[in-house]
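Undergrad: Fold the following and give me the result.
(chains A and B)
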Amino acid sequence: MNETVPNPAPPLQAVDYRLKGYHLEAMVAPDQVVPAARAMDEQGFSLDTITGVDWLAQEQMEVVYDYFHPARGLRTVVRARIPRDQPEIPTISGVFPGANWHERETHDFFGIRFLEHPDLSPFLLPEDADFHPLRKDYTA
Amino acid sequence: MVGAPIAPHPAAIAPKETFVLNLGPQHPATHGVLRIKMTMDGEYVDRAEPVCGYIHRMHEKMGENRTYAQFLPNTGRIDYLSAMHYTHAFVSVVERAAGIQVPPRAEFIRVITSELNRISSHLVWWGAFLLDLGGFTPLLYAFEDRERILDLLEGITGARLTYCYYRFGGLCNDVDDTFLEGTRQFIAKMRPRLKMYRALVTDNIILRKRLIGIGPISAELCRRYGATGPVLRGSGVTYDVRKAEPYSVYPELEFDVPTFPEGDSMARYLVRMEELAQSLRIIEQALGKLPSGPVMAEKVPRVLKLPAGDFCFAVEAARGRFMVRVVSDNKEVPYRVKLRTPCLSNLSLFEEASRGLFLADALALLGSLDLVIPDIDR
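TA: Below is the predicted model of the structure:
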């Protein structure tokens, strides 16, 4: 979050678009998602969506950030893995305000806490919801 | 006393007093169950906070406990006015992952039916938007024209709204001559109707005063919130998934991406009106180029298992970019299905864009976003 630290370029890897539907991807450390978002912002990308994947067997949660470029048609994916028993990751809503709702939704569905998020109250689930239905061990 | 400052009226120096106005969850201007908590400063919107989730159905969880084929009908029920585009994205992501080649005839028919669906969707928006603005009659014209499309699509798909016509590898059945002839007739009838729409509504001075300069949204605001579709194109950005990430047979067809740089509600209105003409142009070309041949790929496994990994596919739906992200662990049932819907991102900028507007103008802005609430709530 320190403004003086220059943005480290995320280690983007080229992907075959025809097979995957995106051009570049990067796996970053959880504390690098904000610099990665800032790098995307500086390049003129727009936030497509944010979501989670529950990897129960590996005891991890994956947070996936999709970006698209409104002028160049490029698609990038930034991922981070966090421990399932402490699913916390910094919010990127300070970089892309549109991330606010996507992160709220991901918190609803997976219980992933986005640190310093302005409001993690339930977005799509009922206002008193204390369950996270997309966790693989969730039973209704 | 000459030259002494005149004391301001007490009302002018009173501290700002706001009140909360609850809009919805059921309100004519919200088109479905959307609630907006509005903090008002008199007639001005101080803060408009959308409250979502009233028709949340958890499509993404449903995607995790049924096969790809069983989930397909769900995708026509997210944005129920744009079912063709959504099923198109889902069949295409599966085809991409499984390496299924779709016969050209099937892709041309997909484009024809998708563009018909875009027209019918825009017609609903047009009628409903004008209803929001206080004009009742245009809705009746719009629904008369839309009815022709619904009849055409019902003839080949069996459904009037929640189409499930596309299949992994092609279509569930071929089109017949009744449909092809009917679509040609529809194009011929629709073009003069667009002129009439222009004379009746678009050039109307009351409409123009309600929309020009109202609810401006800059291209930068769209980018920061991920807004797409006519909202983004109404801010002057030539972004259309059909051009940016070309799919199906769109690269073989000529069409323009209408943009208007003003960013106001009128610009978004004009984008959609232009798109009606462009969709007719696409359908006409696709009908002319329609090849003969099968409408289903030869080898589509009955039990579909996608290779492990994640796969994305985006389409240009009537309201903007719809993207499906499927995560597979090589089983019959997806590990994860993420549905990125345009209306969620388009609505998310409303709080910032509506600040300081008159309530009536905020509703014009809301209508110009063309929201379908189940698309947000999923």
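Undergrad: Does residue A:63 touch residue A:54 like I think?
TA: No - the pair residue A:63 and residue A:54 does not pass the contact test of CB atoms under 8 Å, sitting 10.8 Å apart. C-beta here means a position set from N, CA and C on the backbone, and glycine is covered the same way.
Undergrad: for chain A, which helix is longest?
TA: The residue-count maximum for a helix in chain A (DSSP state H) belongs to helix A:99-110.
Undergrad: Roughly how far does the residue nearest the centre of chain B sit from residue B:231?
TA: Nearest to the mean C-alpha position of chain B, counting by CA atoms, centre = their mean, stands residue B:319 at 1.9 Å. Counting by CB to CB, to the nearest Å, the separation of residue B:319 from residue B:231 is 8 Å.
Undergrad: Chain A contacts on the stretch 101-250 of chain B?
TA: Residues of the stretch 101-250 of chain B lying near chain A by CB under 8 Å from any CB of the partner chain: B:219, B:222-227, B:232, B:237, B:239, B:243-245.
Undergrad: Tell me which of those fall in helices.
TA: Counting by DSSP H, those contribute B:219, B:222, B:223, B:224, B:225, B:232, B:243, B:244 to helices.
Undergrad: Redo these as a markdown table? Include neighbour count and pLDDT.
TA: Formatted as a markdown table, those follow (neighbours: other CB atoms under 10 Å in any protein chain shown; pLDDT from 0 to 100):
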| residue | neighbour count | pLDDT |
| --- | --- | --- |
| B:219 | 20 | 94 |
| B:222 | 29 | 94 |
| B:223 | 23 | 93 |
| B:224 | 20 | 93 |
| B:225 | 29 | 94 |
| B:232 | 31 | 94 |
| B:243 | 15 | 92 |
| B:244 | 21 | 91 |
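Undergrad: pLDDT wise, what is residue 8 at?
TA: Since you didn't name a chain, this refers to chain A. Residue A:8 is assigned 49 on the pLDDT scale.
Undergrad: nope, chain B please
TA: 76.
Undergrad: need the contact list for the nearest residue to the residue nearest to the centre of chain B once chain neighbours are set aside.
TA: Excluding the flanking residues, the one nearest residue B:319 by CB to CB, 6 or more residues apart in numbering or on different chains is residue B:342, at 4.4 Å. Residue B:342 makes contact with B:79, B:227, B:228, B:229, B:317, B:319, B:320, B:321, B:322, B:375, according to CB atoms under 8 Å, 6 or more residues apart in numbering or on different chains.
Undergrad: circling back: what residues do residue B:319 and residue B:231 have in common as contacts?
TA: With CB under 8 Å, 6+ apart as the test, residue B:319 and residue B:231 both reach B:346, B:370.
Undergrad: Could you list the contact residues of chain A toward chain B?
TA: Counting by CB under 8 Å from any CB, the positions of chain A adjacent to chain B are A:18-22, A:44, A:46-49, A:51, A:53-54, A:64, A:66, A:68, A:70-71, A:73, A:75, A:77, A:96-98, A:100-102, A:109, A:122-126, A:133-134.
Undergrad: at 7 Å instead, please
TA: Contact residues, chain A versus chain B (CB under 7 Å from any CB of the partner chain): A:19-22, A:46-49, A:51, A:53, A:66, A:70, A:73, A:75, A:96-98, A:101, A:123-125, A:133-134.
Undergrad: buried subset of those residues?
TA: A:20-22, A:46-49, A:51, A:53, A:66, A:70, A:73, A:75, A:96-98, A:101, A:123-125, A:133-134 (16 or more other CB atoms under 10 Å in any protein chain shown).
Undergrad: Strands - which of these land there?
TA: Among these, DSSP state E puts A:46, A:47, A:48, A:49, A:51, A:53, A:66, A:75 in strands.
Undergrad: still on that earlier bit, distance to residue B:135 and secondary structure added to the contacts of residue B:342, as TSV?
TA: Listed next are those as TSV, based on distance: CB to CB, whole Å; DSSP: H, G, I helix; E, B strand; the rest coil:
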residue	distance to residue B:135	secondary structure
B:79	24	coil
B:227	26	coil
B:228	27	coil
B:229	23	coil
B:317	26	strand
B:319	22	coil
B:320	25	strand
B:321	30	strand
B:322	30	strand
B:375	25	helix
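Undergrad: Pull the contacting residues for residue A:92.
TA: A:33, A:34, A:37, A:99 (CB atoms under 7 Å, 6 or more residues apart in numbering or on different chains).
Undergrad: Need the pLDDT of the second one.
TA: When you say that, I think you mean residue A:34. Note on residue A:34: pLDDT of 93.
Undergrad: element containing it, please.
TA: helix A:33-42 (DSSP states H and E).
Undergrad: and if you look at residue B:153?
TA: Following DSSP H and E, one finds residue B:153 within helix B:137-157.
Undergrad: now for that helix, which elements pack on it?
TA: Identification of packing neighbours for helix B:137-157 by 3 or more CB pairs under 7 Å, 6 or more residues apart in numbering or on different chains; DSSP states H and E yields helix B:104-132, helix B:177-197.
Undergrad: deepest of those helices, which one?
TA: helix B:104-132 (a mean of 24; mean count of other CB atoms under 10 Å in any protein chain shown).
Undergrad: And that helix, what does it pack against?
TA: Using 3+ CB pairs under 7 Å, 6+ apart: helix B:104-132 touches helix B:83-98, helix B:137-157, strand B:170-171, helix B:265-289, helix B:359-368.
Undergrad: Compute the inter-axis angle for the last one and helix B:265-289.
TA: Relative orientation of helix B:359-368 versus helix B:265-289 (axes from the mean of the first three to the mean of the last three CA atoms, to 10 degrees): 20 degrees.
Undergrad: And helix B:359-368, what's buried?
TA: B:359, B:361, B:362, B:363, B:364, B:365, B:366, B:367, B:368.
Undergrad: Which residues does it contact?
TA: With CB under 7 Å, 6+ apart, helix B:359-368 has contacts from B:29, B:40, B:43, B:45, B:48, B:129, B:132-133, B:210-211, B:214-215, B:265, B:268-269, B:350, B:353-354, B:357.
Undergrad: Just the buried residues of the residues you listed.
TA: Judged by 16+ other CB under 10 Å, buried ones among the contacts of helix B:359-368: B:29, B:40, B:45, B:48, B:129, B:132-133, B:210-211, B:214-215, B:265, B:268-269, B:350, B:353-354, B:357.
Undergrad: circling back: and the ones in strands among the buried ones among the residues of chain A next to chain B as CSV, adding pLDDT and distance to residue B:151?
TA: Conversion of those to CSV gives the following (pLDDT from 0 to 100; distance: CB to CB, whole Å):
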residue, pLDDT, distance to residue B:151
A:46, 94, 38
A:47, 93, 40
A:48, 93, 36
A:49, 94, 36
A:51, 94, 38
A:53, 93, 43
A:66, 94, 38
A:75, 92, 38
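Undergrad: which residues touch the least confident helix or strand in chain A by mean pLDDT?
TA: Within chain A, no helix or strand scores below strand A:13-14, which has a mean of 84 by mean pLDDT, DSSP states H and E. By CB under 7 Å, 6+ apart, the surrounding residues in contact with strand A:13-14 are A:23, A:24, A:25, A:26.
Undergrad: Can you pull the poorly scored residue ranges out of chain A?
TA: Filtered on pLDDT under 70, chain A yields the residue ranges A:1-10.
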